[in-house]
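>>> With the input below, show me the fold.
(chains A and B)
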Amino acid sequence: MRAPLRLMVAAGLLVSLTGCFTELFFSRTVYLATEYQILHPRIVGIAVTPPRIEPGREHKLEALYLAPVGQDASAVRVSTCGLGRDVPTFIFDLNCFQDPDEVQLLTTTDRFTTTFTMPETPLVEGCGVQIDGDLGDSGLRIDTAIQDGPCAHMLPLLIEATVDGEPVLAASFDSWYTGPVEQEEPVSARALQFALNLPSTGAPGEPVTVTAALEGDQKQAEFLWYVDAGELEKTGWTVPQTYVEDEVGWTGGRTTTDNIWVLPEEPGSYRVYVVASDVASMPDEAWAEAANNTRVGATVEVQ
Amino acid sequence: MLSLLPIAAVLAAAPGKLQLGLIDNDTGDPVDGALVELVERGTVVTSASSGVTGSVELTAPPGVYQIRVTHPGYELLVDEEALTSGRTSEVRVRMRVPASATVLIVDERLGDEVNKTVVSIDELKSVPGTFGDPVRGLQTLPGVARPNVAEGSLVVRGAEGLNTGYYVDGMPVPYMFHTLVGRSVIPAGFIDDIEFFPGGMPSRYGEVTQAAVNVRTDTEPVGRTKSMVGLNVLDGSLAIEHRLSDKVTIRAAGRYSWMHALIWSGSMIAVMRAGGESYEAGYFSPKYADLFADARWEASPQDSVSLLFIRSRDRLILRQGRYDEDGDGEPDPPDWEQWDLPYDPEAYIDNGFTRARLRWDHDGEQRDYSTWVALGQESQTNLLGAAFLSREGPYRGRVTGTSLIVRRDEVFDLGGQNRLVYGGQLTLRPVVAEDFQGVWADPEADIPTTTDDQVSAGLWIEPQIRTERFYLAPGVRGSAYVWNGQTAIQPEPRLSMRYDLNEDWLLKGAIGRYTQMPPVERYAQGIGNPDLPLMKAWQASLGAEGPLPGSWSMDASVYGAVMNDLIVRNLRSDIYQDEGVAYSELRPEFLSVMGYAYGLEGLLRMQPGQRRYWGWVSITLGRAIRVDKGLGTFSGDYDQPLSFQVLGAYDLSDKWEISSRAQFTSGQPHTPLYGVYVPEDAFYTEYRGEINSDRYPAYFRWDLRIQRTWQARRVDWVWFLDVYNVTWRKNAFAAAYDFDYSELVPIAHLPLLPTLGIEAKF
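So this is what the prediction gives:
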């Protein structure tokens, strides 16, 4: 048995020995399904366009910031860490942000839509670039080819916003190529059509059907819902329900998912957002190499 | 309490005779001047006093009598005995010093150290929650922080665990407690008392910057042959002491834990009931053993020579099940057996030490001196490192060394009540530190090894001046250290003083400078920080003590310390390369920081006296602050602003005693984690906050202990039930965050833990 596994076993046995433990395993499912009301500031979506980060390129960064009305962010800071080595670097945690020597500030702004340019970094070659996958009928990805090319680091991208003096953080773990990549670039999810269909007004407590439609065959996508108030009968986490290939106005068809929003009792203006992740980038189904969420939002007047 | 041992009965004519032999329970000496009465229905039928041989003979008509033995220096003894017509009953009676003389905690007001507290063993063994281990009972005293459940250390007055030194009869030992269960390495049966210096140690103590714990086994004479057997669910022990002649005594004791065997057996049963094979069972348990032996020879009325031997082994075992995957009917050997690992991969903690000491003591008319030389090997392996249990020991590595210590203490009588204390000590310790982190990930990796020859030396002189009301001890110690290519010579001035306000109350104070060499596991390349300098500290305390109305007394002090180059542990991200790829890992780093500590500690005691109850209230209000250039100002790992303990014991009868302890302390500081949402994968990852900027919930624990003592034939029996955490409160020693890191959820705590044990002394 390898060392990390042994350590996990040790921890498990220790816990068993000491008798009592509670909630050792936390439910991601429950959280995503129930924590959909916008009660505190959160960054719930990140998109980098183009979604392949290469040295010297300018990328558009869009973060979806949700907060109760009036809680605006005063500063946004975007940075990465661990960049600059001449060997492939794989970092899957955020601890390196505590080492100032490892942090590279990409931009500071007061907005959640900004641009950054990947700093120059030593070219690392010979790793090969993993290109298009084949989803096949099963939906599982099968790697079809690896071509020579520059190596990519896997590094965190950290977005830090300050809201009423408190930090609000979000991150993504992205491929950071050390040189230009010749292979076809994946398409940003933000370039896909994404629409919400719902009535613009409703009565207090009225259940309204909200349908989200995303361009393409998105059978593996996840849809996370956020509302200011009220209840979502299908919870805050839904999966694709239908895919229509030939749909007028939708290149490559559209995938839909819906929910039933029981509107709040108090009259007012209420927001609903849907964030899609694990989006297959059209048209060639290349997998995203950087944060590639897309989102759509609307407002309902409760009268 | 009373041992009535019929040895023989001789047929004779009426009436019956009773022959008593009275001996001191501890020394075996005859007890002179005891009054023995035979009582029938409240009336004294006859009585007699014991002579210099301790013998008494009484004659009375046949019948059942109450025997009452009284002596001003011993406990009252009462028991029944039947006298038969024509027979003589020979009975040997062991007399014990009364509880009021074996005082619970005795401040040695006439001693030479102002801050010393001498703790008596009988009562400390009665502290609930310690499983009968007196050294562990020190955790109930003020100024001592509540350690994490698995950490075998005493953290005192806002310092770190490594700043407490442990000694056995004045000889330094590498560790005092076994992992997880917290048993001390010296069998309780041989511990006479424990000197505990929470600070302000006199000049003869060095190479440690905060506190000293000296377990003494040599303060009480070995009387006659005695044996002690202790059995409980954790371990078993056997101790024997014997006086070979008037001049030669020997003692030997051993202890072996069997908790692992019990757990393993339980695991086997569970596996077999589930249809598996017995060899598929695994277990996780401490496993330890101790050996103690000494021989003393009184070469002359003034001189004695002793040889002491101590051996201890302490392991934390994760024994994994074996499986028969190849179907040959035999369990397959584990993978690691083919890797030729330099350590036992199933021993996550593996510590041990051996000490042998030859000592010569001279008790002269004007000059006393003691000279000894000790030699021993020590080893610490910690594969867990900082990950789960312990902040002690090397981080996924091993340190080994051999210590040679030579020491000379002298006390010169200056006349009156004044004396001069001086001496010197030299320690040579070649050490090897091995970093197993590489091997941990890759069995064929190289093992970074650090070797060093540590040398430390100290010379001290301390005049102790007493007047009618004043005691003053201005001392100075010169310490020299050589380690890791560094050399340091440090002066350590110290001053202790005491002033008797009146017959009852006194003021006391101490101030001094202390230094300590970093342990090799903290500066070894790979597992430590090679740049760590010498630790240095200034300490000061001021207090008062005296009696209160009733049987109460009070001892309270304020204390403060400034600690330079204190070693603290931080976790930092380390980006390392392995076969051409860089990865990140969170690893401990050992920093040299400034430390401040200050506080108020108080002990309110109820003396045992003639009452059936005793106890104490211990309170500490204090802070332990650390300052680092990079990390800023933060709380120490054991910064516990409030610690409050109440201990009480009640003698239900001559045989039964019940005791209880309640403890409330501030939550231990920890470094919080914040949740950072990763939208692409819809999960939260962690972001470390400022070091020790948050606290676990406050700690509360209630322990109970009930014990019964009785005598049967030649054996003194003690049966006890020690119940740890009676309320089953979930004081977490491991916690995890919920999904979005908004709440810290306790995941592991020690539950209600009953321990049943029995001891026999004969």
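>>> Kindly list the longest helix within chain B.
The longest helix of chain B (DSSP state H) is helix B:259-273.
>>> who are the neighbours of that helix, in terms of helices and strands?
strand B:283-297, strand B:303-319 (3 or more CB pairs under 8 Å, 6 or more residues apart in numbering or on different chains; DSSP states H and E). All C-beta spots, glycine's among them, are computed from the backbone N, C-alpha and C.
>>> So what touches it?
A:17, B:181, B:233-235, B:277-278, B:280-287, B:317, B:319, B:321 (CB atoms under 8 Å, 6 or more residues apart in numbering or on different chains).
>>> Apply 10 Å and report the result again.
Helix B:259-273 is contacted from outside by A:13, A:16-17, B:180-181, B:232-235, B:258, B:276-288, B:315-317, B:319, B:321, using CB atoms under 10 Å, 6 or more residues apart in numbering or on different chains.
>>> mind checking how far the residue nearest the centre of chain B is from B:Trp538?
Geometric centre of chain B, nearest residue: B:Val135, 2.9 Å, by CA atoms, centre = their mean. Using CB to CB, to the nearest Å, B:Val135 is found at 28 Å from B:Trp538.
>>> Over to B:Tyr514?
To B:Trp538, B:Tyr514 is 8 Å away according to CB to CB.
>>> Which one's more surrounded, these two?
B:Tyr514 (28 against 16; other CB atoms under 10 Å in any protein chain shown).
>>> That one: which element?
strand B:506-516 (DSSP states H and E).
>>> elements contacting that strand?
strand B:449-466, strand B:470-483, strand B:486-500, strand B:535-547, strand B:552-578 (3 or more CB pairs under 10 Å, 6 or more residues apart in numbering or on different chains; DSSP states H and E).
>>> can you give me the strands in the stretch 51-200 of chain A?
A:58-66, A:73-81, A:89-90, A:103-109, A:113-117, A:129-130, A:133-134, A:142-143, A:146-147, A:152-163, A:166-177, A:194-197 (DSSP state E, counting those that start in this stretch).
>>> Give the rounded mean pLDDT of whatever helix or strand comes next after the last one.
I take that to be strand A:194-197. Using DSSP H and E, the next helix or strand after strand A:194-197 towards the C-terminus is strand A:201-202. The average pLDDT for strand A:201-202 rounds to 94.
>>> for the strand holding B:Tyr514, which positions count as buried?
B:506, B:508-516 (16 or more other CB atoms under 10 Å in any protein chain shown).
>>> What is the nearest of those residues to chain A?
Chain A lies nearest to B:Gln516 out of the buried residues of strand B:506-516, by CB to the nearest CB, at 29.2 Å.
>>> want to throw the strands of the stretch 51-200 of chain A into a markdown table with mean neighbour count and distance to B:Ser55?
Shown next, in a markdown table, are the strands of the stretch 51-200 of chain A (neighbours: other CB atoms under 10 Å in any protein chain shown; distance: least, CB to CB, whole Å):
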| stretch | mean neighbour count | distance to B:Ser55 |
| --- | --- | --- |
| strand A:58-66 | 20 | 94 |
| strand A:73-81 | 19 | 86 |
| strand A:89-90 | 20 | 86 |
| strand A:103-109 | 15 | 87 |
| strand A:113-117 | 16 | 99 |
| strand A:129-130 | 18 | 97 |
| strand A:133-134 | 14 | 99 |
| strand A:142-143 | 10 | 97 |
| strand A:146-147 | 11 | 99 |
| strand A:152-163 | 22 | 87 |
| strand A:166-177 | 21 | 84 |
| strand A:194-197 | 16 | 105 |
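>>> mean pLDDT lowest for which of those strands?
strand A:142-143 (a mean of 47).
>>> which non-adjacent residue is nearest the closest residue to chain B within the stretch 51-200 of chain A?
Relative to chain B, the nearest point of the stretch 51-200 of chain A is A:Asn95 (3.6 Å; CB to the nearest CB). Distances taken as CB to CB, 6 or more residues apart in numbering or on different chains place B:Ser573 nearest to A:Asn95, at 3.6 Å, with adjacent residues excluded.
>>> tell me which parts of the stretch 101-250 of chain A are close to chain B?
With CB under 10 Å from any CB of the partner chain as the criterion, the stretch 101-250 of chain A comes near chain B at residues A:102, A:124, A:126-127, A:151, A:153, A:155-160, A:167-174, A:189, A:222, A:224, A:237.
>>> please redo it, this time with the cut-off set to 7 Å
A:102, A:169-173, A:222, A:224 (CB under 7 Å from any CB of the partner chain).
>>> Low-confidence stretches in the stretch 551-700 of chain B?
Along the stretch 551-700 of chain B, segments meeting pLDDT under 70 span B:607-611.
>>> mind listing the strands for it?
Going by DSSP E, counting those that start in this stretch, the stretch 551-700 of chain B shows strands at B:552-578, B:581-606, B:613-628, B:632-635, B:642-651, B:656-665, B:669-670, B:673-678, B:683-688, B:694-695, B:699-712.
>>> Mind telling me which residue of the stretch 251-400 of chain B is nearest chain A?
Nearest residue of the stretch 251-400 of chain B to chain A: B:Phe284, at 3.7 Å (CB to the nearest CB).
>>> my read: that residue touches B:Leu318, true?
Yes: between B:Phe284 and B:Leu318 there is a contact under CB atoms under 7 Å: 5.0 Å.
>>> tell me the domain ranges of chain B?
For chain B, the structural domains run B:5-95, B:105-761, going by automatic domain parsing.
>>> Relative to A:Leu198, which of those is closest?
Judged by CB to CB, the one of those that comes nearest to A:Leu198 is domain B:105-761, at 22.5 Å.
>>> count of neighbours near residue 198?
Went with chain A since none was named. Neighbourhood size, A:Leu198 [other CB under 10 Å]: 17.
>>> looking at chain B here, not the other one
Look at B:Pro198: counted by other CB under 10 Å, it has 28 neighbours.
>>> for it, phi and psi?
Torsion angles at B:Pro198 (phi, psi; degrees, to the nearest 10) stand at phi -70, psi -10.
>>> Contact partners for it?
Residues near B:Pro198 by CB atoms under 7 Å, 6 or more residues apart in numbering or on different chains: B:115, B:143, B:156-157, B:211.
>>> hmm, 10 Å instead?
B:115-117, B:138, B:141-144, B:154, B:156-157, B:159, B:164, B:210-213, B:539, B:541, B:557, B:559, B:601, B:620.
>>> who in the stretch 551-700 of chain B is up against chain A?
B:570-575, B:577-587, B:630-631, B:674-691.
>>> out of those residues, which are buried?
Among these, the ones that count as buried by 16+ other CB under 10 Å are B:570, B:572-573, B:575, B:582-584, B:586-587, B:631, B:674-680, B:682, B:684-688, B:691.
>>> The closest residue to B:Gly615 other than its chain neighbours: neighbour count?
Nearest non-adjacent residue to B:Gly615, counting by CB to CB, 6+ apart: B:Gly648, 3.6 Å away. Using other CB under 10 Å, the number of residues around B:Gly648 comes to 16.
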